[in-house]
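Engineer: A predicted structure for the sequence below; I have some questions about it.
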Amino acid sequence: MEKYKVCSGCKIKKPLSEFNKHKDLSYGKQNYCKECNKVRACQKLDSYYKGNYIYMFLENFKILYVGSTTNIYERMTEHIHVDKLKQYKKINGVILYKVDNSLDIDCLRFLEYEFIYIFNPLLNTDRSYPRKGMSLDKTLELREEVEKVLVNNRFIVIGNLSKKNQRYKFLKSITKVFNELNFYKK
């Protein structure tokens, strides 16, 4: 006789063969079925690799690239040495937002994709947009959160990255950058 268990993800009663092994739990099986576990694993990896900063590269206030990372200094340094960026003469790096627990990973990704969608940066190859798979309520909720971030937080322009050995300097506050980028319009 085969035993059954309810998956914590999809809430469907499934046979134990549909669950991965887990030696520390009472059934010896995980609480999520194999299908739900794949989704959770991808989300965990995504949240691990997608970070706390959203940044972009500009040349004369034309956005070339938008991305996110956990280690902004290391990521900016890597980008400087990429061949794609070497052809641009005056690249400025801009840290858009540093997350302090107030913004979850979905909202951070949404903000990143909003910039990619709105500005269509030249060097971004992934142009998929998260609205396709989201419900309208979730999209509106995230849009409100994004607007709060843009109103309440700071852009930090960090120097001319095309010059060697120049330390990152904090140059401008959000109001100047908003005006120069003409991003936030009511």
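Structural biologist: Received, thanks.

Engineer: how about low-confidence regions in this protein?
Structural biologist: Segments of the chain classed as low confidence (criterion: pLDDT under 70) are 45-52, 61, 70-73, 76-77, 80-83, 92-93, 95-108, 118, 125-186.

Engineer: So if we follow the domain assignment, how does it break up?
Structural biologist: Domain segmentation of the chain under automatic domain parsing yields 4-48, 50-181.

Engineer: check which helix or strand covers V66.
Structural biologist: Under the criterion DSSP states H and E, the helix or strand holding V66 is strand 62-69.

Engineer: and that strand, which residues are buried?
Structural biologist: By neighbour count, with 16 or more other CB atoms under 10 Å as the criterion, the buried positions of strand 62-69 are 63-69. All C-beta atoms are positioned from the backbone trio N, CA, C, and that covers glycine.

Engineer: can I get those in CSV with distance to I116?
Structural biologist: As requested, the buried residues of strand 62-69 are exported to CSV (distance: CB to CB, whole Å):
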residue, distance to I116
I63, 9
L64, 12
Y65, 9
V66, 5
G67, 9
S68, 11
T69, 15
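
Engineer: Could you single out the nearest of those to C7?
Structural biologist: Taking CB to CB as the measure, C7 sits nearest to S68 out of the buried residues of strand 62-69, at 31.0 Å.

Engineer: nearest spatial neighbour of K14, skipping sequence neighbours?
Structural biologist: C33 (5.4 Å; CB to CB, 6 or more residues apart in numbering).

Engineer: K89 - how many residues pack around it?
Structural biologist: Burial of K89 is recorded as 9 neighbouring residues (other CB atoms under 10 Å).

Engineer: now Q87
Structural biologist: Burial of Q87, expressed as a neighbour count using other CB under 10 Å, amounts to 8.

Engineer: Now do the contacts for the residue nearest to K14.
Structural biologist: Taking CB atoms under 8 Å, 6 or more residues apart in numbering as the definition of contact, the neighbours of C33 are 7, 9-10, 12, 14, 18-19.

Engineer: same check, this time on L25
Structural biologist: Neighbour list for L25: N31 [criterion: CB under 8 Å, 6+ apart].

Engineer: From N31, how far off is it?
Structural biologist: L25 sits 7 Å away from N31, taking CB to CB, to the nearest Å as the criterion.

Engineer: cool, L58 as well?
Structural biologist: Between L58 and N31 the distance, using CB to CB, works out to 46 Å.

Engineer: What of Y113?
Structural biologist: For Y113, the distance to N31 (CB to CB) stands at 31 Å.

Engineer: okay, L58 and N31: which has more neighbours?
Structural biologist: With neighbours defined as other CB under 10 Å, L58 and N31 compare such that L58 has more, 22 against 15.

Engineer: Do I have it right that that one meets L64?
Structural biologist: Yes. When contacts are counted by CB atoms under 8 Å, L58 is listed as touching L64 (6.5 Å).
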